[in-house]
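Undergrad: model this:
(chains A and B)
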Number of protein chains: 2
Amino acid sequence: MSGRTYRIGVAGLGTVGAGLLKFLGERPDFAPAGGRAVVTGVSARSRSRKRPVDISNLPWFDDPVALATSPETDIFVELVGGSDGPAKAAVEAALNAGKPVVTANKALIAEHGAELAALAEAKGVPLLFEAAVMGGVPAVKMVREALVGDDIRSIAGILNGTCNYILTEMEATGRAFSEVLSDAQRLGYAEADPTMDVGGFDAAHKITILAALAFGCAPSYAAAEIEGIDQIELLDIKLARDLGYRIKLVASADRSEDGVLVRVHPSLAPMSHPLAQAGGALNALFIEGERIGRIFVQGPGAGAGPTAAAVAADIADVMTNTVRPVFQKPAGALAPFTPVDPSRSMGRAYLRFLVKDEPGVIAAVSETLAEAGVSIESFLQKPVENADGVPIVLTTHAVAESVLNAAVERIAGLPAVLDRPRLLRIARI
Amino acid sequence: MSGRTYRIGVAGLGTVGAGLLKFLGERPDFAPAGGRAVVTGVSARSRSRKRPVDISNLPWFDDPVALATSPETDIFVELVGGSDGPAKAAVEAALNAGKPVVTANKALIAEHGAELAALAEAKGVPLLFEAAVMGGVPAVKMVREALVGDDIRSIAGILNGTCNYILTEMEATGRAFSEVLSDAQRLGYAEADPTMDVGGFDAAHKITILAALAFGCAPSYAAAEIEGIDQIELLDIKLARDLGYRIKLVASADRSEDGVLVRVHPSLAPMSHPLAQAGGALNALFIEGERIGRIFVQGPGAGAGPTAAAVAADIADVMTNTVRPVFQKPAGALAPFTPVDPSRSMGRAYLRFLVKDEPGVIAAVSETLAEAGVSIESFLQKPVENADGVPIVLTTHAVAESVLNAAVERIAGLPAVLDRPRLLRIARI
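TA: Okay, here's the model as predicted:
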């Protein structure tokens, strides 16, 4: 436990960066491992932008790379964001200069984690990113450190608070996706360009990182199967509820003998399930291991306070002089990511068809499913006012995805089916 | 990341010790920080006892102190149990010899944690005890490492799986405490002497440890207010359910300006609350921080697999050469534990009185409460077959515990009250 002072360079002064400065300002005694952390340099796009913290007394760097490599910087904190550009350049520069790096940048780690890990380990410095996943909930530390005494089989959870907020609001208020999104943007819960969140890409970055930590394979964002919530209709939220389910954007990673399947897609969770109960902007995660069984963790996945706390915890970890691989294994020992063909995966599904209100339609749909080998678990037909047709909705027993897709395609071709069928998966958790 | 081999001495070969040997046998590649862990010595009370793992090839030590101080031992793992005696002697001997210690011993850490931390830090070696609290759920690591970037206000949860199992079974089967306990003992879910579990002492050890980690104060088991579940009657479980609550043994630690209040007692949690939903032998915990908000974590709190996994994770941590205080702060900087007078704490309560079935009784009870300043939130009178009197049950609004106790005492003295009043607190989470 050294009493030394660590000089922190912070690049990026948005919500999280300002939150970190505020925390370190409020806690000048912050010394969890004996040493002290003092911010000695900042960098951001605009020096004059209004911020909730005063930076006038802090040395300013126009270029984050200069801050990262400054002899006055002991630990470089990257809160710029983005998988490439200045964030990547600055992180690489810091590691090359032998400086520990703490980042909240999920895109950077998910897309370039393997090469950055190799660089960090070659230089013998830590590269930490607790704040990249689930904000203040220590999912990264749990998987990387606390669960190494087990073999993790699968992880599944709600990793994007914006999507969870939108889905919760749609159900609570009965408003459509686009309306709730506009409100969320106005309130600052969603970005002006919401694609990363509602398209599922942000959750995919996060589950890619967790999969690498859990399974000891190189992070492979390109291998993730991604579907967002932008196609979710209010009607499906209501019909799912009638069947006892709630629609959530679930990110999952499953390991089998064939490899790893990383997916993000809207999923139906039974109403009483902890994932269904996690409302609003909450994040929630199940981790399942051979010996440990199932661990569930839930908390705020974003926001200045929680995310800055996660960055501060990483800074504390740097101060402990821990030597540990960036992912579960040393970068050179990480298994190559072997993706599993999702069409072979088995699961239950929710299907909705808009059909003509005429005799024989239900028979045609159910016969087509039976012929394809899809077994129906529950079936619901419910009249909807002002609709051109009648929606029928059903859930299936477990079926291979390829079989299901083929059956849905055949049903889509039936003359009585009026609209593109909707397919949602039922969570396997 | 050294490639060195760490020689592990394991004292205590019960469920957890055997689970650890099994894990390390199944995972000869276990090297999360580069080094390898190999068991090079074991000690237990009986060498010949039947065990699920073969120990015939391992060097045997009759005396755990000899194993702890053996030059062949790099890391000493203490799974003997008990706050004093051989466990304490062996841990002290290992630390004095400058050897890292990993233990699952909650009693030892709760009762002697401050002095052992001082010894470990003086010798510059880690003393880790993840398996002491919540088995495979990394509660210790979360509080000690992941949440240092925040100021924790309170922790509350279900920390004893045996009690949770008994309460869940009582509700599910409608059987009395003593019957369910006998069954649990027969099935191996409860010890032959169940006092540590059902008396709340095991949970008190665990919450004492978490409080020290969360608040940076010396662990003080003696200051814990402890009440077990052995007085819980089936009638209260049923009446609580009628009022929308489930009875759980909740361990909590709250920090205020006055000090810290550590308590274990049966508590009513609203049926939809995550703590009420955690059934069977599950453990569950809420952690509330100034910045982070509330984090919830749940998982199996005991068993060979989860607990051995926690021990293995601690062994991995030793291999990372981390230098960090045993509790939240260096032993010399830990605040003395300042207990808060529980009679001043505010909370809602559940009260049950058995009264004579005659006019004016409800009026007498409610007037007594009103005079004492206790405000009633809900009230339920329900006839019970074959009962000598009529139970009336009510919940109060928040009230100081001293006020409540005085009111209950006065009601107990009313001539129409037939039996000792029952008081249960409503969880403040």
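Undergrad: what bridges to residue A:42?
TA: When bridges are called by DSSP bridges, residue A:42 pairs up with residue A:10, residue A:60.
Undergrad: so the nearest residue to residue A:308 once chain neighbours are set aside is in which element?
TA: Nearest non-adjacent residue to residue A:308, counting by C-beta to C-beta, 6 or more residues apart in numbering or on different chains: residue A:19, 3.2 Å away. Yep, even glycine has a C-beta here, placed from its N, CA and C like the rest. In the assignment (DSSP states H and E), residue A:19 maps to helix A:15-26.
Undergrad: Run the chain-centre distance for that helix.
TA: Chain-centre distance of helix A:15-26: 23 Å, with C-alpha atoms, centre = their mean, to the nearest Å.
Undergrad: mean confidence score for that helix?
TA: Helix A:15-26 shows a mean pLDDT of 93.
Undergrad: Contacts for that helix, please.
TA: A:8, A:10-11, A:13, A:30, A:37-39, A:42, A:44, A:51-53, A:55, A:77, A:79, A:104, A:131, A:303-305, A:307-309, A:311-312, B:149, B:291 (C-beta atoms under 8 Å, 6 or more residues apart in numbering or on different chains).
Undergrad: buried subset of those?
TA: Using 16 or more other C-beta atoms under 10 Å in any protein chain shown as the burial test, the contacts of helix A:15-26 include A:8, A:10-11, A:13, A:30, A:37, A:39, A:42, A:44, A:51, A:53, A:55, A:77, A:79, A:104, A:131, A:303-305, A:307-309, A:311-312, B:149, B:291 as buried.
Undergrad: re earlier: which of the contacts of helix A:15-26 fall within helices?
TA: Judged by DSSP state H, helices contain the following of the contacts of helix A:15-26: A:304, A:305, A:307, A:308, A:309, A:311, A:312.
Undergrad: Looking at these, spot the one nearest residue A:253.
TA: Distances from residue A:253 to those, taken as C-beta to C-beta, are shortest for residue A:307 (22.2 Å).
Undergrad: Now do the same contact list for that closest one.
TA: Contacts of residue A:307 (C-beta under 8 Å, 6+ apart): A:15, A:16, A:19, A:104, A:131, A:135, A:136.
Undergrad: For residue A:172, grab phi and psi.
TA: phi -70, psi -40 (degrees, to the nearest 10).
Undergrad: Would you map the strands across the stretch 151-300 of chain A?
TA: Remark: strands assigned in the stretch 151-300 of chain A by DSSP state E, counting those that start in this stretch are A:152-158, A:225-226, A:245-256, A:259-270, A:282-289, A:293-300.
Undergrad: okay, those in CSV with mean neighbour count, distance to chain B and mean pLDDT next?
TA: Below are these laid out as CSV (neighbours: other C-beta atoms under 10 Å in any protein chain shown; distance: least, C-beta to the nearest C-beta, whole Å; pLDDT from 0 to 100):
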stretch, mean neighbour count, distance to chain B, mean pLDDT
strand A:152-158, 25, 10, 97
strand A:225-226, 16, 27, 96
strand A:245-256, 23, 14, 97
strand A:259-270, 23, 13, 96
strand A:282-289, 24, 7, 97
strand A:293-300, 23, 4, 96
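Undergrad: okay if I get those strands as a markdown table plus distance to residue B:71?
TA: Shown next, in a markdown table, are the strands of the stretch 151-300 of chain A (distance: least, C-beta to C-beta, whole Å):
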| stretch | distance to residue B:71 |
| --- | --- |
| strand A:152-158 | 36 |
| strand A:225-226 | 54 |
| strand A:245-256 | 40 |
| strand A:259-270 | 43 |
| strand A:282-289 | 35 |
| strand A:293-300 | 38 |
